[in-house]
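> Structure, please.
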Amino acid sequence: MIYRKGEGPTFLSDFEIEQANATILNAWQPQHDIALFVPCSWAKPYSQSFVHFSIRRELLIAGLLDRVDYIHISSIGVVPYDVEDWYPFCAYDWNNANVRNPWTFRALQISMLARLIKFMQRFQGAWRKSLFYFREGSHTIEVVRGLPPDILTEKTHFLGQVPTSKIEIVPIHPLASDDFWTEIELLVGYREPDAVLTCDQAMDQLFNALKEALG
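All right, here's what the predicted structure looks like:
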């Protein structure tokens, strides 16, 4: 198994990446009627990262984790938690901090949006609501906002039917305290931007959005 590390067009797509994404579309099935979309992470599998371990722990304590499909949007695919250990999703590293060419970011967003559209077209009809939980200013939240109107606001065809699915974006502004960031740097070793998703203010917003969606 090859660990993929780098940034650029050749790290966005190849046969194995496309095969893994196609297998998700063909084999995976939603398990709940609410979808929670979240970022990827440097640590693999994603659930072992500080950010996702913290989010999932709080959702578990609140009795919400087992009521949603927890899905990651990454540079190489849209990856449900259930298959986060599939290769190559478990063995790659794309670091935005190393990207200097704006066209590389453009290529990244085009690739991510294309995969997200395919994923939503395939599965959106299974969910009463889809929540997107991302840091404001991140590249991924801009990808989500690029979804076409028929997915964001209108009815979407799904397996021959026309159910209505609602989209809600939960943008988190990085307003965490200095003490919070000091603690993150001690725990993680650096200032992980997406760690803001784990602060109390952000988690309260997520809990409220999920509780409203779940009824």
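
> Would you mind giving both backbone torsions of residue 29?
The phi and psi values for residue 29, taken as degrees, to the nearest 10, are phi -140, psi 140.

> Surely residue 36 touches residue 73?
No. With contact defined as C-beta atoms under 8 Å, residue 36 does not count as touching residue 73 (11.2 Å). Backbone N, C-alpha and C define where each C-beta goes, glycine included.

> ok, the two, which is more surrounded?
More crowded of residue 36 and residue 73, by other C-beta atoms under 10 Å: residue 36, with 26 against 22.

> what's in contact with the strand or helix carrying that one?
If you go by DSSP states H and E, residue 36 is part of strand 34-39. Strand 34-39 has contacts (C-beta atoms under 8 Å, 6 or more residues apart in numbering) with 51-52, 55, 67-74, 123, 127-135, 138, 140, 144, 194, 197, 210, 213-214.

> tell me the mean pLDDT for that strand?
Strand 34-39 shows a mean pLDDT of 94.

> Among the contacts of strand 34-39, which are located in helices?
The members of those that map onto helices under DSSP state H are 51, 52, 55, 123, 140, 144, 210, 213, 214.

> Neighbours of the second one, how many?
Right, residue 52. 24.

> Check the third one too.
Number of residues near residue 55 (other C-beta under 10 Å) recorded here: 23.

> and it, how far is that from residue 64?
Distance of residue 55 to residue 64, given as C-beta to C-beta, to the nearest Å: 10 Å.

> Show me where the chain has its strands.
Ranges of strands in the chain, per DSSP state E, are 4-5, 34-39, 69-74, 77-80, 92-93, 129-135, 166-172.

> Same list, these, but as a markdown table with distance to residue 203 please.
Output for the strands of the chain, formatted as a markdown table (distance: least, C-beta to C-beta, whole Å):
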| stretch | distance to residue 203 |
| --- | --- |
| strand 4-5 | 31 |
| strand 34-39 | 12 |
| strand 69-74 | 15 |
| strand 77-80 | 21 |
| strand 92-93 | 27 |
| strand 129-135 | 10 |
| strand 166-172 | 9 |
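
> closest one to residue 148 among the ones you listed?
Smallest distance to residue 148 across those (C-beta to C-beta): 11.3 Å, for strand 166-172.

> where are the low-confidence patches of this structure?
Along the chain, segments meeting pLDDT under 70 span 152-191.

> Type out the PyMOL command that picks the buried ones from the ones in helices among the contacts of strand 34-39.
Under the burial definition 16 or more other C-beta atoms under 10 Å, those of the ones in helices among the contacts of strand 34-39 that qualify are selected in PyMOL by:
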select buried, resi 51+52+55+123+140+144+210+213
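
> Can you give me the neighbour number for the nearest residue to residue 203 once chain neighbours are set aside?
Among residues not flanking residue 203 along the chain, residue 58 sits closest, at 5.5 Å (C-beta to C-beta, 6 or more residues apart in numbering). Burial of residue 58 is recorded as 16 neighbouring residues (other C-beta under 10 Å).

> close enough to count as contact, residue 58 and residue 204?
No. Counting by C-beta under 8 Å, residue 58 sits too far from residue 204 to count as a contact (10.2 Å).

> Please report how far the residue nearest to residue 203 lies from residue 193.
19 Å.
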